[in-house]
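J.: Pasting the sequence and the predicted coordinates here, then a few questions.
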Amino acid sequence: MSISIETEEHKIIQRCLEGDPEQYALLVDRYKAMAYNIAYRMVGDSDIAKDMSQESFISAYASLERFQYGSRFSSWLYRIVVNKCKDHMRAERDTVQVDEISDIVPSGARTPEHNLSSRQTGDMIQKALNALPEEYREVIVLKHMEELDYREISDILGVSVNALKVRAHRGREMLKELLEKVGARL
Amino acid sequence: MKNDKGSNRDLIHKLLDGDAAPDEQRDMIAQVQADPVLKQEFDDIAGALRSVGTSERMPVPAFFTAEVMRRLPPKKMPLGRHVRDFLFKGRALKWNVATAFVGAALAALVFTQVVRVQNRPVETAAVPAQEQLVTVKMNLYAPQAHHVAVAGTFNKWKVDSNILKKEDNGLWTINIPLKPGSYSYMFVVDGKAWIADPNAQSYDDDGFGQKNSVLRVNI
């Protein structure tokens, strides 16, 4: 006989609410890698990503009483992460415009013949992601980097599956153009 | 012509969405492969996604969890919980030499006064029924299990406080001294599967769509 991971997590949440906060470390350990990487792909800066993901765990804990037991803790957490990142980006007004992408890529990386290190490739991918409009970026990150299905992404972002597919469609086309523009080998 | 191009692109993205039925997917792949321009387009976009999907994941910064736990805000406990803790929560007695000396002196004084005034044997105060412990035997038949614990309201749902012992016949057992009262509990098998006691006295709803086992301890 087994029990679903959601039910186990609901037990952990119940114990936190009953005055045993140490139990929350189990959830932090379980989801920190994904939360941190989503934040990093969204904001493109490791320090800010750390702040955003840690703040998200703290906000989730502060609102545990409002957690709906029919839902998944991970979806709820990722929604908080994405919203915090979006708030941050809006506040900072640091979204890079598509036309500016060529200005932020090292000039040496523009020729296809250039032998790029994986670090450089990673940087270029991150810069291309940064150049995507926010609503496309979040779908690309959740669908093609974190490999979530559309239904879960729909729960996280509060957007219909059909609308997400349209965003993914446009986001992929734009991502391809951006990566070609910076000379990344596809 | 434009419409054809648009529908061809839709085909590419339907494939990349990955939610087509197997038959439909096979047809779409055949269509893409039959058209060199479309195939090139598909390869380019799929290549971009592959680059993104296989890019290195960032390692989580050190002490991430500890920092989160340190910054958690204190939870406000409901009033009922405060009252219950005040009445029933175990307390550690803090002492020092001075208070121990004063306490011992007071105890000696009370003792000598009692002996002096009452020239008869001192009766032992009866232990209130609610303070008496009753040993309860719990068991679970789980021959395939490697580890079984019991977690409940009597141990704050901790999964490592009360570990059952396995007997040769596949039965896991434990004796737990408990005060009279009502307790909810579940068995935790191999650290992950939470199961209700099939032999429980009764069950209650745990609020998450599962049933907790219920044990009532009487003198």
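T.: Yep, that arrived.

J.: switch to C-alpha atoms for all contacts and neighbour counts from now on
T.: Noted.

J.: Please name the residues that touch the spatially closest residue to B:I45 that is not a sequence neighbour.
T.: Excluding the flanking residues, the one nearest B:I45 by C-alpha to C-alpha, 6 or more residues apart in numbering or on different chains is A:K176, at 5.6 Å. Counting by C-alpha atoms under 8 Å, 6 or more residues apart in numbering or on different chains, A:K176 touches B:D44, B:I45, B:A48, B:L49.

J.: Flag every residue of chain B that's near chain A.
T.: Neighbours of chain A within chain B, by C-alpha under 8 Å from any C-alpha of the partner chain: B:13, B:17, B:44-45, B:47-61, B:64-65, B:68-69, B:71-73, B:75, B:77, B:156-157, B:192-195, B:208, B:210.

J.: Show me chain B divided up by domain.
T.: B:2-53, B:129-217 (automatic domain parsing).

J.: how much space is there between B:M69 and A:V159?
T.: 32 Å (C-alpha to C-alpha, to the nearest Å).

J.: next one: B:G170
T.: Counting by C-alpha to C-alpha - B:G170 and A:V159 are separated by 51 Å.

J.: again, but for B:V136
T.: 53 Å.

J.: now B:P143
T.: Counting by C-alpha to C-alpha, the gap from B:P143 to A:V159 is 47 Å.

J.: For the closest residue to B:E167 other than its chain neighbours, which three-state class applies?
T.: Spatial nearest neighbour of B:E167, chain neighbours left out: B:T173 (7.6 Å); criterion: C-alpha to C-alpha, 6+ apart. Three-state assignment for B:T173 (DSSP: H, G, I helix; E, B strand; the rest coil): strand.

J.: I'd say B:T173 and B:H147 touch.
T.: No: in this structure, B:T173 is not within contact of B:H147 by C-alpha atoms under 8 Å, at 11.4 Å.

J.: any idea where the strands of chain B begin and end?
T.: With DSSP state E, the ranges of strands along chain B come out as B:134-141, B:148-152, B:165-166, B:171-178, B:181-189, B:193-195, B:202-205, B:211-217.

J.: highest average neighbour count across these?
T.: strand B:148-152 (a mean of 24; mean count of other C-alpha atoms under 10 Å in any protein chain shown).

J.: now it, how far from the centre of its chain.
T.: 10 Å (C-alpha atoms, centre = their mean, to the nearest Å).

J.: Next, name the residue at the spatial heart of chain A.
T.: A:I38 (2.5 Å; C-alpha atoms, centre = their mean).

J.: Where does it sit: helix, strand or coil?
T.: Assignment for A:I38 (three-state DSSP): helix.

J.: OK, contacts around it?
T.: With C-alpha under 8 Å, 6+ apart, A:I38 has these contacts: A:V81, A:V82, A:V141, A:L142, A:E146.

J.: next structured bit after the helix or strand of chain A with the lowest mean pLDDT?
T.: Scoring the helices and strands of chain A by mean pLDDT, DSSP states H and E places helix A:101-104 at the bottom, with a mean of 40. Using DSSP states H and E, the helix or strand that follows helix A:101-104 towards the C-terminus is helix A:118-131.

J.: ok, and does that following helix reach over to chain B?
T.: Yes: residues of helix A:118-131 are located near chain B by C-alpha under 8 Å from any C-alpha, namely A:T121, A:G122, A:I125.

J.: so who does the second one touch?
T.: It refers to A:G122. B:S55, B:E56.

J.: Give the bridge partners for the residue nearest to B:E167, please.
T.: Residues in a beta bridge with B:T173, per DSSP bridges, are B:N139, B:K165.

J.: Could you do the one 10 residues further on as well?
T.: With DSSP bridges as the criterion, the beta-bridge partners of B:Y183 are B:L215.

J.: how close does it sit to chain A?
T.: 15 Å (C-alpha to the nearest C-alpha, to the nearest Å).

J.: tell me the contacts of that residue?
T.: Neighbours of B:Y183 in contact, by C-alpha under 8 Å, 6+ apart: B:G152, B:T153, B:F154, B:V214, B:L215, B:R216.

J.: Burial check on the third one, number of neighbours?
T.: The reference is to B:F154. If you count neighbours by other C-alpha atoms under 10 Å in any protein chain shown, B:F154 ends up with 17.
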